[in-house]
Structures are given as C-alpha cells and as structure tokens.
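A.B. asks: sharing a model prediction with you, sequence too.
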Amino acid sequence: MTPGLDLASAPLGTPLTLIRVDAATSRQRLATLGLREGASFRLLTRTIGGGRIVLVGGSRIALSKDLVRQMRAQAA
C-alpha cells in the first residue's frame, strides 16, 4: 500500500508535505514550480473540473484532476 493520501482526498487548508509524484512526465515541471518531494504546501480550493489550487512558497499553482490523483502527500 502507498503511504500518505492522494491530493484528491486530502483536506483543504491543512499543511501537507509532498511524498511522491507518480506522473514522471510532470515531475520536473512541478519541481521547477516548487512542488518537489519534501515540499510543504496547502490545498486552497477544489476546481469545478476536479483539480486543485495549491499554495507553495507564496505562489498559487493549478493542478489538473489527473495530476492530483498521481500525487501523494501527508499531513505536515
């Protein structure tokens, strides 16, 4: 079983730490934006399409529904 929870089921507003990104094609781009393994962030809102807006390092980043399901986090 994979530790942590996917971002689709993580609670809004809770401080989280990114554990893993299963989407290999997106991993480098997310790291450039500050979302790399070990990074602290918060989920701000859910989008209508099922994605999430996250706050990391003072920046807001929109994540698609598919990407959110491929990211694992734990409470910080």
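C.D. replies: Yes, it's here.
A.B. asks: low-confidence regions, this protein specifically.
C.D. replies: Under the criterion pLDDT under 70, the flagged ranges of the chain are 1-2.
A.B. asks: and residue 30, backbone torsions?
C.D. replies: Here is the backbone geometry of residue 30 (degrees, to the nearest 10): phi -60, psi -40.
A.B. asks: what about it, distance to residue 73?
C.D. replies: According to Cβ to Cβ, to the nearest Å, residue 30 stands 12 Å off from residue 73. C-betas here are computed from N, CA, C, even on glycine.
A.B. asks: so the two - more neighbours on which side?
C.D. replies: residue 73 (26 against 21; other Cβ atoms under 10 Å).
A.B. asks: state the helix or strand in which that one lies.
C.D. replies: Per DSSP states H and E: residue 73 is located in strand 71-75.
A.B. asks: send me that strand as PDB with only the CA atoms.
C.D. replies: C-alpha atoms of strand 71-75 as PDB (Å, rounded to 0.1, in the frame of the first residue of the first chain):
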ATOM      1  CA  MET A  71       0.500  13.000  -6.200                       C
ATOM      2  CA  ARG A  72       0.800  11.600  -2.600                       C
ATOM      3  CA  ALA A  73       1.100  13.700   0.500                       C
ATOM      4  CA  GLN A  74       1.000  13.500   4.300                       C
ATOM      5  CA  ALA A  75       0.000  16.000   7.000                       C
END
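A.B. asks: now do it: everything it contacts.
C.D. replies: Contact with strand 71-75 is made by 2-7, 10, 14-23, 35, 41, 63, as judged by Cβ atoms under 8 Å, 6 or more residues apart in numbering.
A.B. asks: strands of this structure, start to end?
C.D. replies: With DSSP state E, the ranges of strands along the chain come out as 5-6, 15-21, 40-46, 52-56, 59-63, 71-75.
A.B. asks: ok, the second one: who's next to it in the sheet?
C.D. replies: In its sheet, strand 15-21 lies beside strand 40-46 (antiparallel), strand 71-75 (antiparallel), with partners assigned from DSSP bridges.
A.B. asks: closest one to residue 52 among the ones you listed?
C.D. replies: When the strands paired with strand 15-21 are compared by Cβ to Cβ, strand 40-46 sits nearest residue 52, at 5.3 Å.
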